[in-house]
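**Student:** could you look at this predicted model? Sequence included:
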Number of protein chains: 2
Amino acid sequence: MDIKQEIQKRGDFFNKELEEFLREGSPKALYNAARHLPLAGGKRLRPVLAMISCEAVKGDIINVIPLSISLELIHNFTLVHDDIMDKSKLRRGLPSVHIKFGEPTAIIAGDLLFTKAFESMHNTIGDLKVFKNVEYGLINCIREICEGQQLDMEFEKRKIVSEEEYLEMIRKKTAVFFKYAAEAGSLLGGGSKEQVNALSQYGISLGLGFQIWDDFLDVSSNEETLGKDIGNDIRNGKKTLIACHCLNKAKGDEKKKLEKIFGNLNASDKEVKKVYTLFKKLRSAEYAKKTAISYCNTAKKSLEILPDTEAKQILNAFAEYSISREK
Amino acid sequence: MDIKQEIQKRGDFFNKELEEFLREGSPKALYNAARHLPLAGGKRLRPVLAMISCEAVKGDIINVIPLSISLELIHNFTLVHDDIMDKSKLRRGLPSVHIKFGEPTAIIAGDLLFTKAFESMHNTIGDLKVFKNVEYGLINCIREICEGQQLDMEFEKRKIVSEEEYLEMIRKKTAVFFKYAAEAGSLLGGGSKEQVNALSQYGISLGLGFQIWDDFLDVSSNEETLGKDIGNDIRNGKKTLIACHCLNKAKGDEKKKLEKIFGNLNASDKEVKKVYTLFKKLRSAEYAKKTAISYCNTAKKSLEILPDTEAKQILNAFAEYSISREK
């Protein structure tokens, strides 16, 4: 099985539905700003996860289209607002929304995407009790994403963050959304309580593994990019699992040095390199890699009770892909 | 009947419910930021309007508490984000959220209020079909508020705006929310189709009248404040009904002068005063006053088909209050 192809197949199908839903509107500038990011591509992992979870309980994929659109719009709304907060200038290789359309319009564009996500949810067909239940899950999920984003920002300003705190932050900021996508996808697909629970467990572990692998990739990437990406993260004091591990393991002089450089916006390239070397020496990168793999194994284990379908195979491959991808 | 007292009585009741709903949470800074504005008071006009509309169809007020909380939270979320866009430093006599908590946290706090508004809607009791219908109305309403805010910003940059364009802008930015409050309040109160329609008509006219009266108040207020409030609006090129009327009526030299000063951030106090005098000379302020009164009369007329209740009297007084208040 070619997992990338399986994701892409569903992603292509999803893109047509999204384009159909997210039409132009008036005022033109606002709708152009709102459409800019969602129609610029992206891996569509959340919608695809919802679709495959629906398939895994032998549900009809048509039932999860409104949900899938909603997931992608919420994801994009958070990106638009996060980019303003982080002053990020690029996203998906294009100028971020606030750079292209100005900050005021970008704020409203994010709000509009938020609104459109709920509009899409209302296209859900079938039992109203299920609809209400699924929508309530989405609301809780967005609340946790907001809380997670705030934690992420607060952690950057803190000297030290424990592994538990870090895990709680990425659980909220990233993993609950994967959990929700898998859970809601299987619920709308008509899955049994046991099946929905299994996919929910799968989603949360996958989300944690996925995010930690991202952290690992950032540090293990080509040293040539060190000055750019990793350097920025180190200077901003970004609390990845690697940084948390290293900050908690370092002792004596190394600890002092680390605390002096990490989160120091004016750190020199040489200093940044020192931290990078320490990440390796204290095996922090290796620790993150192992942790990501462990979460993805837990994710795969959650799938065992599901019926044998192609979708189940894809979900297994999805988990493996999450901890083998190089970007 | 003392309309202010009737509003306040319901406002006080509402405040207790809101406080109960909008509890502290974690991360503390995020929840403090989100609670800052909604718990700082305010007239609570939207929740109160929903309550009285429910009473006017002889509904039980308990049915509209979740809706009322939702309305106030949405209103506050738009204020938090608008203050960032407009760089406003004060709101309800307190530092605005982004001034007190920083812009990034203010953006998320607005998003959290948005989320909590939907969370509150889910506490609605009764028929699920009605719930879905009412929630869908809210979604449409927020979409129009976003569109209206964008139009408002775009109009500031334009030389001239027609009266029709202005009315469309305030319809979206302000009036649809009054319309929705009255409509949804009566729907959840169990009103008939005819009654709900009457309250919907009442709400839109009231909202238009209310906003235009605000415009009128800004210009008719004490000349001592001219240098501050009106001066800012004139320098920013804010398109109130008065400005639109004046820009469209002015001819020849007056038109040229007006176009030169209006929207010019560097206009002197003397120049601002010239525009102010022109507003009076071309009877633009008077025109706005008349228009506001006319909308509020239409609002009152919409109520005729409702049964005679105390609530109906309050709604009539509410419309009159909207065009007699001095702040």
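**Tutor:** That came through, no problem.
**Student:** check contacts around A:Phe178.
**Tutor:** For A:Phe178, the contacting residues are A:Leu45, A:Arg46, A:Leu49, A:Gly203, A:Ile204, A:Leu206, A:Gly207, A:Phe210, taking Cβ atoms under 8 Å, 6 or more residues apart in numbering or on different chains as the criterion. Quick note: C-beta positions are derived from backbone N, CA and C, even for glycine.
**Student:** how far away is A:Lys274 from chain B?
**Tutor:** Separation of A:Lys274 from chain B (Cβ to the nearest Cβ, to the nearest Å): 29 Å.
**Student:** A:Leu199 too?
**Tutor:** 23 Å.
**Student:** pull out the buried positions in the helix or strand where that residue lies.
**Tutor:** Assigned by DSSP states H and E, A:Leu199 belongs to helix A:193-220. Neighbour-count burial for helix A:193-220, with 16 or more other Cβ atoms under 10 Å in any protein chain shown as criterion, is recorded at A:195-196, A:198-220.
**Student:** kindly report the same for stretch A:32-39.
**Tutor:** In terms of neighbour count (16+ other Cβ under 10 Å), stretch A:32-39 has its buried residues at A:Asn32, A:Ala33, A:Ala34, A:Arg35, A:His36, A:Leu37, A:Pro38.
**Student:** show me what that stretch is in contact with.
**Tutor:** If you take Cβ under 8 Å, 6+ apart as the criterion, stretch A:32-39 is touched by A:18-19, A:22, A:24, A:72-73, A:76, A:79-80, A:91-92, A:94, A:96-97, A:100-101, A:105-106, A:108-109, A:112-113, A:116.
**Student:** keep these, but drop any that are not near chain B.
**Tutor:** With Cβ under 8 Å from any Cβ of the partner chain as the criterion, the members of the contacts of stretch A:32-39 in contact with chain B are A:Thr105, A:Ile108, A:Leu112, A:Lys116.
**Student:** B:Ile261: which of those is nearest?
**Tutor:** Distance ranking of these against B:Ile261, using Cβ to Cβ, places A:Thr105 first at 26.6 Å.
**Student:** B:Phe118 versus that closest one, what's the distance?
**Tutor:** As defined by Cβ to Cβ, to the nearest Å, A:Thr105 lies at a distance of 24 Å from B:Phe118.
**Student:** check A:Lys251 too.
**Tutor:** Separation of A:Lys251 from B:Phe118 (Cβ to Cβ) stands at 48 Å.
**Student:** can you check A:Glu168 too?
**Tutor:** Look at A:Glu168 and B:Phe118: by Cβ to Cβ, they are 24 Å apart.
**Student:** more crowded one of these two?
**Tutor:** Looking at A:Glu168 and B:Phe118 with other Cβ atoms under 10 Å in any protein chain shown, you find the greater number of neighbours at B:Phe118, namely 24 against 16.
**Student:** let me know whether the more buried one touches A:Phe118 as I believe.
**Tutor:** Yes. In this structure, B:Phe118 sits in contact with A:Phe118. The criterion is Cβ atoms under 8 Å, and the distance is 6.9 Å.
**Student:** mutual contacts of these two, please.
**Tutor:** Residues touching both B:Phe118 and A:Phe118 by Cβ under 8 Å, 6+ apart: A:Glu135, B:Glu135.
**Student:** distance from the chain centre to the helix holding A:Leu199, please.
**Tutor:** Per Cα atoms, centre = their mean, to the nearest Å, the displacement of helix A:193-220 from the mean C-alpha position of its chain is 9 Å.
**Student:** that helix packs against which elements?
**Tutor:** Counting contacts by 3 or more Cβ pairs under 8 Å, 6 or more residues apart in numbering or on different chains; DSSP states H and E, helix A:193-220 is packed against helix A:45-56, helix A:163-170, helix A:176-188, helix A:229-236, helix A:241-249, helix A:284-302, helix A:310-322.
**Student:** could you give the average pLDDT over it?
**Tutor:** Taken as a whole, helix A:193-220 has a mean pLDDT of 93.
**Student:** then stretch A:301-321?
**Tutor:** When pLDDT is averaged along stretch A:301-321, the result is 96.
**Student:** including distance to B:Ala243, could the helices and strands packed on helix A:193-220 go into a markdown table?
**Tutor:** Formatted as a markdown table, the entries for the helices and strands packed on helix A:193-220 read as follows, by distance: least, Cβ to Cβ, whole Å:
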| stretch | distance to B:Ala243 |
| --- | --- |
| helix A:45-56 | 46 |
| helix A:163-170 | 48 |
| helix A:176-188 | 45 |
| helix A:229-236 | 45 |
| helix A:241-249 | 54 |
| helix A:284-302 | 59 |
| helix A:310-322 | 56 |
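**Student:** going by mean pLDDT, which of those helices comes out lowest?
**Tutor:** helix A:229-236 (a mean of 77).
**Student:** list the buried ones in it?
**Tutor:** Under the neighbour-count rule (16+ other Cβ under 10 Å), helix A:229-236 has A:Ile230, A:Gly231, A:Asp233, A:Ile234, A:Arg235 buried.
**Student:** closest one of those residues to B:Asn297?
**Tutor:** Where the buried residues of helix A:229-236 are concerned, and distances follow Cβ to Cβ, B:Asn297 has its nearest neighbour in A:Asp233, at 62.5 Å.
**Student:** could you find the closest non-adjacent residue to that closest one?
**Tutor:** With sequence-adjacent residues excluded and distances taken as Cβ to Cβ, 6 or more residues apart in numbering or on different chains, A:Asp233 is closest to A:Asp218, at 6.4 Å.
**Student:** next, the angle helix A:310-322 makes with the helix holding A:Leu199.
**Tutor:** Between helix A:193-220 and helix A:310-322, the angle comes out at 20 degrees (axes from the mean of the first three to the mean of the last three Cα atoms, to 10 degrees).
**Student:** for chain A, what lies in contact range of chain B?
**Tutor:** Taking Cβ under 8 Å from any Cβ as the criterion, the contact residues of chain A with chain B come out as A:25-27, A:29-30, A:77, A:81, A:84-85, A:103-105, A:107-108, A:110-112, A:114-116, A:118-119, A:122, A:128-129, A:131-132, A:135-136, A:139-140, A:142-143, A:146-147, A:149-151, A:153-154.
**Student:** and those residues, which are buried?
**Tutor:** Buried, going by 16+ other Cβ under 10 Å: A:27, A:29-30, A:77, A:81, A:84-85, A:103-105, A:107-108, A:110-112, A:114-116, A:118-119, A:122, A:131-132, A:135, A:139, A:142-143, A:146-147, A:149-151, A:153-154, out of the residues of chain A next to chain B.
**Student:** what distance do you get for the residue nearest to A:Lys89 when sequence neighbours are not counted to chain B?
**Tutor:** Residue nearest to A:Lys89 in three dimensions, not counting chain neighbours: A:Ile99, with 5.3 Å by Cβ to Cβ, 6+ apart. Distance from A:Ile99 to chain B, counting by Cβ to the nearest Cβ: 16 Å.
**Student:** A:Ile99 and A:Lys87 touch, don't they?
**Tutor:** No. Contact status for A:Ile99 versus A:Lys87: not in contact, 9.5 Å apart, counting by Cβ under 8 Å.
**Student:** so for those two, which residue has more residues nearby?
**Tutor:** Between A:Ile99 and A:Lys87, counting by other Cβ under 10 Å, A:Ile99 is the more crowded of the two (17 against 11).
**Student:** from A:Val196, how far out is the nearest residue to A:Ile293 once chain neighbours are set aside?
**Tutor:** Of all residues not flanking A:Ile293 in the chain, A:Ile323 sits nearest, at 5.2 Å (Cβ to Cβ, 6+ apart). The gap separating A:Ile323 from A:Val196 is 25 Å, by Cβ to Cβ.
**Student:** what's the answer for A:Ser294, then?
**Tutor:** Distance, A:Ser294 to A:Val196, by Cβ to Cβ: 24 Å.
**Student:** find the closest residue to chain B in the stretch 201-327 of chain A.
**Tutor:** A:Asn236 (13.1 Å; Cβ to the nearest Cβ).
**Student:** could I get the contacting residues of that residue?
**Tutor:** A:Asn236 makes contact with A:Glu156, A:Gly263, A:Leu265 under the criterion Cβ under 8 Å, 6+ apart.
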